[in-house]
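Colleague: quick one: sequence and predicted model below, then my questions.
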2 protein chains.
Amino acid sequence: MVSWRGFRARRAAPKNSRPRVSQRPRVVSRVQLGDFTPDLDVYLGLAAYLQLALFESLGRASSIAPSTRAKALTGLVATSTLERHKSLLTEIERTGGDAPELMQPHIVVIDDFQKRTGSGDWYEAILASYVAAGLLNDVFSRLAAGLPDDYRERVVAALERGASSDETQIVAELSLQISVDPKLASRLALWGRRLVGDTLLVARAAIAASHESADDERLEPVFTELIAAHTRRMDALGLTA
Amino acid sequence: MVSWRGFRARRAAPKNSRPRVSQRPRVVSRVQLGDFTPDLDVYLGLAAYLQLALFESLGRASSIAPSTRAKALTGLVATSTLERHKSLLTEIERTGGDAPELMQPHIVVIDDFQKRTGSGDWYEAILASYVAAGLLNDVFSRLAAGLPDDYRERVVAALERGASSDETQIVAELSLQISVDPKLASRLALWGRRLVGDTLLVARAAIAASHESADDERLEPVFTELIAAHTRRMDALGLTA
């Protein structure tokens, strides 16, 4: 089990201020995700399985969408999620690996995440997609810096596919609904806090799978940046992270 | 409500023999789907919503897949389903239409189909996808012949995207599982018979939406062909239709 203390303490930082490493006493050698050299098979298997899991959640979200517009939006987000998945499968093929075999070791972590965050109505489900895809695609994009040269660019391009447009559209739809129903704001803010904790556990597992000595203390600046980006995503919805 | 008698009678025809119209007494003026001139908005809205509904079912199927290989296969099929959906949205944009608005009128028919066929385990869910996507993409491809020239080719290309490869892979996986567990064969054969009836109701609604005078009798040769193609799809699995 992972201690929650670190996440909580960092989350309490003032909004929109990203603490710089230089402001803190340096007691350990801190790291950046780009310094890591992920095992290609582990990285691709986990990244591909994550997109598949996000697609599943979006399938459920679509089936409980409150309007055809919400359903259509869910379909768009699912499309780019599966396009990312497909591109990652292409990279797995390039390595000569077998996708189901490479995805298999990561089922427990991801399915556990799905179980903990997969309930709720459409608003909660689409927020979960926004928060988890935003944070975890960010983690994988940074980790990609340590992949072999010929994979790095293609993998980053795959992960970024549709991401910006999806986020814009989710923000537009959720902001509209929040403006219509102000109670939704507090419910989603609460849900966002729950989600970020669960999502960071997956991020941590993804990082640990890429680096043996990736202990929490050395990773502190990484988590700080991830949480700052999460805070910006919640800000975009007018919600407090 | 639609009478089932016609479907049942036709289904009892000998396997793999596609009755030609010339063998039957011509008492009514029979039609081919290519003779119809579908309303472009109705056609695109229904076709786009159908792909979205198929994606939802695949999301549920993925979440109950019995193996990572089955899950990966489900993801592949969902990817091409959403690619078809996305291409149809592009065509809707081209008309200047609003996708959610054009999809809205078709929710009842499709959601009702989903409710009647959306239960069961992964094997039943993936067979439902195979049967429904196979038959309904076939219907929409034929109806596309009556679309305006500049839409026809693009729409048919969109509908055919990934279809053949998806079918091959579903057949490979289901055949493998049927060979391991012969009881699965009878269960899936039974399920296939239930599915074809429900799927033909959707086909009929799609055709009716394209042509006011599309009564059952005039459409008989169309249904005969659709059922013959369905029989071939079940044959490919070694199952009796």
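Modeller: Looks like it arrived, so ask away.

Colleague: which residues touch A:Lys86?
Modeller: Going by C-beta atoms under 8 Å, 6 or more residues apart in numbering or on different chains, A:Lys86 touches B:Leu76, B:Thr79. All C-beta spots, glycine's among them, are computed from the backbone N, C-alpha and C.

Colleague: A:Leu147 contacts A:Leu40, correct?
Modeller: Yes. The pair A:Leu147 and A:Leu40 passes the contact test of C-beta atoms under 8 Å, sitting 6.3 Å apart.

Colleague: more neighbours: which of those two?
Modeller: A:Leu147 (23 against 19; other C-beta atoms under 10 Å in any protein chain shown).

Colleague: could you report the pLDDT at that one?
Modeller: Here, the pLDDT recorded for A:Leu147 equals 93.

Colleague: in chain A, which residue sits nearest chain B?
Modeller: A:Gly59 (1.3 Å; C-beta to the nearest C-beta).

Colleague: is it true that that residue touches B:Phe55?
Modeller: Yes. At 6.4 Å, A:Gly59 counts as touching B:Phe55 under the criterion of C-beta under 8 Å.

Colleague: hmm, back to that, what's the burial count for the residue of chain A closest to chain B?
Modeller: 23.

Colleague: mind listing what it touches?
Modeller: A:Ala78, B:Phe55, B:Glu56, B:Ser57, B:Leu58, B:Gly59, B:Arg60, B:Ser62, B:Ser63, B:Ala78 are the contacts of A:Gly59 under C-beta under 8 Å, 6+ apart.

Colleague: need the three-state assignment for the fifth one.
Modeller: If I follow you right, that is B:Leu58. helix (DSSP: H, G, I helix; E, B strand; the rest coil).

Colleague: what about the residue nearest the centre of chain A, helix or strand, and which?
Modeller: What sits nearest the mean C-alpha location of chain A, by C-alpha atoms, centre = their mean, is A:Leu136, with 2.3 Å. Element membership for A:Leu136 (DSSP states H and E) is helix A:122-143.

Colleague: briefly note if that helix comes near chain B.
Modeller: No. Helix A:122-143 does not reach chain B (C-beta under 8 Å from any C-beta of the partner chain); its nearest approach is 11.1 Å.

Colleague: likewise stretch A:89-105?
Modeller: Yes. Counting by C-beta under 8 Å from any C-beta, chain B has neighbours in stretch A:89-105: A:Leu89, A:Ala99, A:Pro100, A:Glu101, A:Met103, A:Gln104.

Colleague: pull the longest helix from chain A.
Modeller: Counting by DSSP state H, the longest helix found in chain A is helix A:68-95.

Colleague: sorry, back to before: need the contacts of A:Gly59 in TSV with distance to A:Arg116, can you?
Modeller: Compiled in TSV, those are given as follows (distance: C-beta to C-beta, whole Å):
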residue	distance to A:Arg116
A:Ala78	21
B:Phe55	24
B:Glu56	22
B:Ser57	24
B:Leu58	23
B:Gly59	18
B:Arg60	19
B:Ser62	18
B:Ser63	15
B:Ala78	23
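
Colleague: okay if I get the residues you listed as a markdown table plus pLDDT and distance to A:Asp235?
Modeller: Converted to a markdown table, the contacts of A:Gly59 look like this (pLDDT from 0 to 100; distance: C-beta to C-beta, whole Å):
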| residue | pLDDT | distance to A:Asp235 |
| --- | --- | --- |
| A:Ala78 | 97 | 25 |
| B:Phe55 | 97 | 31 |
| B:Glu56 | 96 | 31 |
| B:Ser57 | 96 | 36 |
| B:Leu58 | 97 | 34 |
| B:Gly59 | 97 | 30 |
| B:Arg60 | 96 | 34 |
| B:Ser62 | 97 | 33 |
| B:Ser63 | 95 | 32 |
| B:Ala78 | 97 | 32 |
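
Colleague: write the PyMOL selection for whichever of these are buried.
Modeller: Remark: buried members of those, expressed as a PyMOL selection using 16 or more other C-beta atoms under 10 Å in any protein chain shown:
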select buried, (chain A and resi 78) or (chain B and resi 55+56+57+58+59+60+62+63+78)
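
Colleague: in the longest helix of chain A, what counts as buried?
Modeller: Quick answer for helix A:68-95 (16+ other C-beta under 10 Å): A:68-89, A:91-92.

Colleague: close to chain B: what parts of chain A are there?
Modeller: So chain A meets chain B at A:49, A:52, A:55-60, A:62-63, A:67-69, A:71-72, A:75-76, A:78-79, A:82-83, A:85-86, A:89, A:99-101, A:103-104, A:107, A:114 (C-beta under 8 Å from any C-beta).
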